[in-house]
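Peer 1: how would this look folded up:
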Amino acid sequence: MMKGFIDMIKGGLLLLAAAAILSSSSCEREEQQQAKDDITLDKTEISVSSDAATATINVTATGDWGVGSNALDWCTVSPSGGLKGSAVVTVTIAENFTRAERETTLTFRCGTARKTVTVKQDKKAEAINVPDGYSLVWQDEFNDASVDAAKWRFENWAPGRVNNELQRYVANGELDGNKTAFCQDGALHIRAMKYNGQVISARMNTRVSWEYGYMEASIKLPKGKGTWPAFWMMPDDQSLGWPKCGEIDIMEEVGVDPNITSSSIHCESYNHVKGTQKTASRKTAGAEDEFHTYALEWTPNYIKTYVDGVLLLNFPNDGAGNVSTWPFNKKFYITLNLAWGGDWGGYAGVDESKLPATMQVDYVRVFQKK
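Peer 2: Sure, this is the predicted structure:
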């Protein structure tokens with residue numbers, strides 16, 4: 001009986017020794033495999049300007065390898081993998097049209113081995129073109145993390161207050177954490193969205209006003225039937241009431257008529273209630289897909305608007321000194337807003353499936369005579 005017990009102990013010890021040998025062999029094989037899995041790259045970082053660019057990475061791998069990008073919308077690689085040996089990977093980087101730097105990581109894999117390359121691209125460097133005879137007096141490039149409260153104030157209006165519009169303009173561009181005005185990628189985003197059974201949006205005004213000048217904004221318009229984005233001006237003194245106080249619409253568009261941008265002048269003699277407003281419009285190809293510049297040149301003698309530097313509306317001062325035809329000899333402030341529906345924006349109905357909809361503004365700049 002004792003001999004059987006001893007034999008059993010010996011057998012157990014043999015099994016433990018065998019398991020230890022197998023475990024050691026397994027670890028050695030894993031370490032050997034990891035030693036075999038290797039990939040080397042000739043660079044760890046790629047830095048380029050905002051322009052479109054290509055770069056190459058020399059790859060040497062001990063086995064099959066692959067590479068992936070987490071920013072396929074602007075940074076792609078070819079080929080995305082290969083066999084043991086050496087290869088050249090081409091990195092294609094799209095032009096950066098935004099006013100913010102961007103960065104991504106390319107991850108190369110060969111078995112258990114991992115190597116990375118960081119790709120960095122500069123933001124769009126834009127020279128400010130100053131009109132002849134003018135100097136820059138105010139600007140917002142929207143490069144901050146949030147809307148600058150020292151430059152803008154928000155309306156807080158219920159639906160239907162003007163033009164039978166359906167949206168609610170919310171204070172400070174936010175309601176219960178839902179942002180209707182925010183800065184992202186170097187641009188202002190004004191968003192109309194459905195929340196709690198209503199459509200909320202933003203209407204924001206500059207805290208500064210000007211009498212005469214050259215006002216310009218770069219804007220990408222929203223899409224969808226029901227949208228009504230605008231870049232326009234109203235006077236500080238509205239005691240005469242509308243339309244006698246005056247209104248300058250630099251740019252308006254309604255989504256039901258995509259890419260048709262217009263400018264209008266409203267005063268007592270010329271306004272849309274009478275059907276006598278002074279308006280000009282034309283198709284601005286790509287207005288809903290890319291940024292275009294919309295500008296106002298306002299002097300004591302005329303009001304002119306431009307789209308991408310091309311004259312759209314010309315409204316001369318008749319020189320009569322009549323407030324009914326020229327109330328434009330006082331200070332006006334700038335307004336940016338995105339309405340939903342209303343007399344014009346909803347003349348053919350609205351399509352709530354297009355919500356949320358976003359108007360993007362790259363910058364707003366004001367120039368005045370030296």
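
Peer 1: which ones are touching Glu253?
Peer 2: 221, 227-229, 259-262, 287 (CB atoms under 8 Å, 6 or more residues apart in numbering). The C-beta positions use only the backbone N, C-alpha and C, and glycine is treated the same way.

Peer 1: ok, those residues vs Lys354, which is closest?
Peer 2: Among those, Thr227 lies closest to Lys354 (CB to CB), at 7.2 Å.

Peer 1: give me the neighbour count for Phe315.
Peer 2: The tally of other residues near Phe315 (other CB atoms under 10 Å) stands at 22.

Peer 1: among the contacts of Glu253, which ones are buried?
Peer 2: 221, 227-229, 259, 261-262, 287 (16 or more other CB atoms under 10 Å).

Peer 1: got JSON lines for those residues, with distance to Ala320, secondary structure and pLDDT too?
Peer 2: Formatted as JSON lines, those follow (distance: CB to CB, whole Å; DSSP: H, G, I helix; E, B strand; the rest coil; pLDDT from 0 to 100):
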{"residue": "Leu221", "distance to Ala320": "36", "secondary structure": "coil", "pLDDT": "98"}
{"residue": "Thr227", "distance to Ala320": "38", "secondary structure": "strand", "pLDDT": "98"}
{"residue": "Trp228", "distance to Ala320": "33", "secondary structure": "strand", "pLDDT": "98"}
{"residue": "Pro229", "distance to Ala320": "34", "secondary structure": "strand", "pLDDT": "98"}
{"residue": "Asn259", "distance to Ala320": "37", "secondary structure": "coil", "pLDDT": "98"}
{"residue": "Thr261", "distance to Ala320": "30", "secondary structure": "strand", "pLDDT": "98"}
{"residue": "Ser262", "distance to Ala320": "26", "secondary structure": "strand", "pLDDT": "98"}
{"residue": "Ala287", "distance to Ala320": "36", "secondary structure": "coil", "pLDDT": "98"}
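
Peer 1: and these as JSON lines, adding distance to Val67?
Peer 2: What follows is the buried ones among the contacts of Glu253, written out as JSON lines (distance: CB to CB, whole Å):
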{"residue": "Leu221", "distance to Val67": "38"}
{"residue": "Thr227", "distance to Val67": "41"}
{"residue": "Trp228", "distance to Val67": "46"}
{"residue": "Pro229", "distance to Val67": "41"}
{"residue": "Asn259", "distance to Val67": "39"}
{"residue": "Thr261", "distance to Val67": "43"}
{"residue": "Ser262", "distance to Val67": "49"}
{"residue": "Ala287", "distance to Val67": "38"}
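
Peer 1: the residue lying closest to Lys151 once chain neighbours are set aside and Gly341: what is the separation?
Peer 2: In this structure, Lys151 finds its nearest non-sequential neighbour in Asp140, 5.5 Å apart by CB to CB, 6 or more residues apart in numbering. Note on Asp140: its distance to Gly341, by CB to CB, to the nearest Å, is 28 Å.

Peer 1: who has more neighbours, the two?
Peer 2: Gly341 (25 against 21).

Peer 1: tell me the contacts of the more buried one?
Peer 2: Here Gly341 is in contact with 164-167, 199, 226, 228, 350 (CB under 8 Å, 6+ apart).

Peer 1: repeat that for 10 Å
Peer 2: The neighbours of Gly341, taking CB atoms under 10 Å, 6 or more residues apart in numbering as the test, are 159-160, 163-167, 192, 199, 225-228, 254, 347, 349-350, 352.

Peer 1: for Tyr302, same thing?
Peer 2: 314-317, 328.

Peer 1: coming back round to it: which of the contacts of Gly341 are buried, as a PyMOL select command?
Peer 2: Entered in PyMOL, the line below selects the buried ones among those, by 16+ other CB under 10 Å:
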select buried, resi 159+165+166+167+192+199+225+226+227+228+254+350
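
Peer 1: restricted to strands, list the contacts of Gly341.
Peer 2: 192, 199, 227-228 (DSSP state E).

Peer 1: how much space between Gly292 and Val137?
Peer 2: Small correction: residue 292 is His, not Gly. Relative to Val137, His292 is positioned 23 Å away (CB to CB).

Peer 1: quick one: the helices in the stretch 101-250 of the chain?
Peer 2: With DSSP state H, counting those that start in this stretch as the criterion, the stretch 101-250 of the chain has no helices.

Peer 1: ok, and for the lengthiest strand in the chain, which residues are buried?
Peer 2: Looking across the chain with DSSP E, the single longest strand is strand 357-369. For strand 357-369, burial by neighbour count (16+ other CB under 10 Å) applies to 357-368.

Peer 1: in CSV: the residues you listed, plus pLDDT.
Peer 2: Output for the buried residues of strand 357-369, formatted as CSV (pLDDT from 0 to 100):
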residue, pLDDT
Ala357, 98
Thr358, 98
Met359, 98
Gln360, 98
Val361, 98
Asp362, 96
Tyr363, 97
Val364, 98
Arg365, 98
Val366, 98
Phe367, 98
Gln368, 98
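
Peer 1: returning to that earlier point: distance between the longest strand of the chain and the chain's centre?
Peer 2: 13 Å (CA atoms, centre = their mean, to the nearest Å).
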